[in-house]
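**Student:** structure here, sequence nowhere to be found:
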């Protein structure tokens, strides 16, 4: 029996009935009286100079209330990364140039979407088309068209948060005009490491750009109150406090005059944390007109203009001993961040940061360069860099293991890190269940059976395929790791808990429900700590005006960082409750025990008081204190500041989540089609606060990772997106669902609430190499790029 | 020119003035305020706008409102009765088949149609019945489990 009453249990989520009955309101469902509808005019060219914009015909169209261009807005810049080294490079509407097909040029507010759409067609823009570049390879050539010519001035967000300004220009280190960021780190002696190696491989891998595919389209509703000078915003977002900061700065409004409000978010997966021009424009238009304005993107706009996963080209050289010990690794990669930096500076840091906790490699060198191209902008997506780099590392490790005649699982077990290890940046692994995860995942796909067929050197098709030689099966594995939050704005999460006369409680949190079940999970944490049931908790969330700050639901800090804040707030409320109960019962606090909303005196069961009576008693005593508990927790309590993105130095996170993912695939050698039959993921999430929710996170990651391994890809031709629809993009549908065998490794993270840490992101990253390795196991061909499409498999089989 | 249509939505008759280009989805959301039916793509590809027209699932973003004159429409708002969740709704909640909730209304109506016409479907039949409803959150695993559970409990 569990030692806990509420956490750990797979309790049904508290927003379930609301969502099951269609009552849950999303941003797209918000409709305000007098609301106008906005639409955005976008660039049809990948790279062009704007000569002139004529909005007069659009303004004259009946029903049009305002048309704005970059000139109206003036000098406003913002970006997901805004540091002294990497100053913000995005504008709400283009002023001088457009840098990708879809770049925002003008915005219209009108009485209906149809009128706004018609007005867009009446805006005349004269462009001078410029030469464009579409791959990092082209972009880094000295003769390439330069996408951002000017160095940018101004005070960055990081400086406002207290970081020292720096005169340093990263371009001096890279000497590539189109480089947008660079991250480099090494430890040990890489050259010496390679000298010690018995076997060295060098390979190149390419991971494709992919789309988030959140079902709810991006939307914003802005309502400006001219009398009080206050702006209300409903946003489809993952972090209301970060959005409030960036938007208030861009709109030149005091932060206290901007209120970002609650609505449910219909999926995000990283794609709803950047600040977008449509959000700024909705706010700007509402402020200009004094009426509410709604902008909802259509699906093509969502695919094209709301970020994609970075396509990354990775060169990797690994040196290994005969016994499978990795002694050296050298990684160099280029990430294409598109027309603006987006999260380019972060992804080249995270390709290292999300990956280096997996294997203990004594001699290691890493360099990641993010490059501007005239492609759509890239941003965070579930795992943010990890799927791409794990694809390269674990594909190559599988090849090396085979060449040495070793079982890849044994090689992984030999090199993985363990609990107690200290990472080169100083982060300590207080929990790490990788070895157990590997064994679990291997068992989930009957690893030894699959491998033994290969190890005999026999054609693995014998006896394993459905149809003799045509269908062949194989197994593969890959590992991954993930932060549990980190230091970034607003750097901490706080929580408040208010107790009520009937012994129930309300939790106030600034976190954002986007499908991950955070309200339920946090409610369970609060209930457990308070000694009440989940039914006794109501969660008030997602409103910058009434809830305390929160890191936001990205970088997987929800369970650990916000969870700790909630646990501390509940403990604070419980302490106050027990103190007043002790006073009423005339005993010491240490003499009290509590269960089921009842406080007992130890050893004297007759002497007790209900929570309700104690809470009421507290109001009558003291100064009328109704008992409000507060708590807060930093993104990483061990450090003051965010890590250096460029040098990958400083502490990154309080705890790493880990997982091992194994799959069994079936390859149709006639068509090249690969089907995942079984997927087995063992996730070390420390402790599952809600087992059902944790399983759901893993299953969602596995599906997304499988899609990105096999079929998902942003198809671009000279910067034009060719598959901006669900039908052509091909994400997994129900019939693609494999048999899943998931397991959880309880490692009890000491920094986490009840031992919990990350669960929502990691398990995308291992699927890519797991599938690639399984394909190789099945048919003996190696695919070096994702997605592993039938044509690639077929041509490899024929080649 | 607007045209009057008469439709029965979740058992209640409505007379609605519609533009010829308006879709059933727009009428439900904008005119009748039934925002439980979701617009995910407006291209008939995601299934979030699935409703039942005379008992059959359709993508309401592809159906012109004028074409449903005289028909009966079931949306998510009509699935629970007298404050009690429909067994499918209950199972979706209990099995963790709901995450962000945006695909849920369409998914539930597709599942309802399946079980009404095929009370004890195989796993493959369940997968095929909801293959037109995209869910990015769950990987479909718990949705399939929830539908299976309802089929089995109804069969008993």
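**Tutor:** Yep, it's here. These figures come from a predicted structure and were not determined experimentally. Numbering: from 1, shown residues only, chains lettered A, B, ... in the order given.
**Student:** for residue B:111, helix, strand, or coil?
**Tutor:** Recorded secondary structure, residue B:111: helix (DSSP: H, G, I helix; E, B strand; the rest coil).
**Student:** got a list of what it touches?
**Tutor:** B:88, B:126, B:129-130, B:143, B:147, B:150 (CB atoms under 8 Å, 6 or more residues apart in numbering or on different chains). To be clear about C-beta, it is placed using only N, CA and C from the backbone, and glycine gets the same treatment.
**Student:** repeat that for residue B:99.
**Tutor:** Going by CB under 8 Å, 6+ apart, residue B:99 touches A:267, A:515-517, A:696, A:700, B:137-138.
**Student:** narrow those to those in helices?
**Tutor:** A:696, A:700 (DSSP state H).
**Student:** switch the contacts of residue B:99 over to JSON lines; also include neighbour count, pLDDT and distance to residue B:105.
**Tutor:** Converted to JSON lines, the contacts of residue B:99 look like this (neighbours: other CB atoms under 10 Å in any protein chain shown; pLDDT from 0 to 100; distance: CB to CB, whole Å):
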{"residue": "A:267", "neighbour count": "26", "pLDDT": "97", "distance to residue B:105": "14"}
{"residue": "A:515", "neighbour count": "32", "pLDDT": "97", "distance to residue B:105": "15"}
{"residue": "A:516", "neighbour count": "30", "pLDDT": "97", "distance to residue B:105": "20"}
{"residue": "A:517", "neighbour count": "30", "pLDDT": "97", "distance to residue B:105": "19"}
{"residue": "A:696", "neighbour count": "28", "pLDDT": "97", "distance to residue B:105": "18"}
{"residue": "A:700", "neighbour count": "28", "pLDDT": "98", "distance to residue B:105": "19"}
{"residue": "B:137", "neighbour count": "31", "pLDDT": "98", "distance to residue B:105": "14"}
{"residue": "B:138", "neighbour count": "29", "pLDDT": "98", "distance to residue B:105": "15"}
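**Student:** and which of the contacts of residue B:111 is nearest to chain A?
**Tutor:** Distance to chain A across the contacts of residue B:111 (CB to the nearest CB) is lowest for residue B:130, with 4.7 Å.
**Student:** need the strands for the stretch 651-799 of chain A, in chain order.
**Tutor:** A:656-668, A:674-686, A:716-717, A:720-721, A:739-740, A:743-746 (DSSP state E, counting those that start in this stretch).
**Student:** tally up the residues packed near residue 80, please.
**Tutor:** Answering for chain A, as no chain was given. 25 (other CB atoms under 10 Å in any protein chain shown).
**Student:** hmm, no, I was thinking of chain B.
**Tutor:** When counting by other CB under 10 Å, one arrives at 17 neighbours for residue B:80.
**Student:** okay, it and residue A:24: tell me how far apart.
**Tutor:** Distance of residue B:80 to residue A:24, computed by CB to CB, to the nearest Å: 14 Å.
**Student:** and the strands in chain B?
**Tutor:** Taking DSSP state E as the criterion, chain B carries its strands at B:3-9, B:12-18, B:50-53, B:56-59, B:72-74.
**Student:** deepest of those, which one?
**Tutor:** Stretch with highest mean neighbour count among the strands of chain B: strand B:50-53 (a mean of 23; mean count of other CB atoms under 10 Å in any protein chain shown).
**Student:** contacts for that strand, please.
**Tutor:** The contact list for strand B:50-53 (CB under 8 Å, 6+ apart) reads B:24, B:28, B:37, B:57-60, B:63, B:68, B:71-75, B:105-107, B:109-110, B:112-113, B:132-133.
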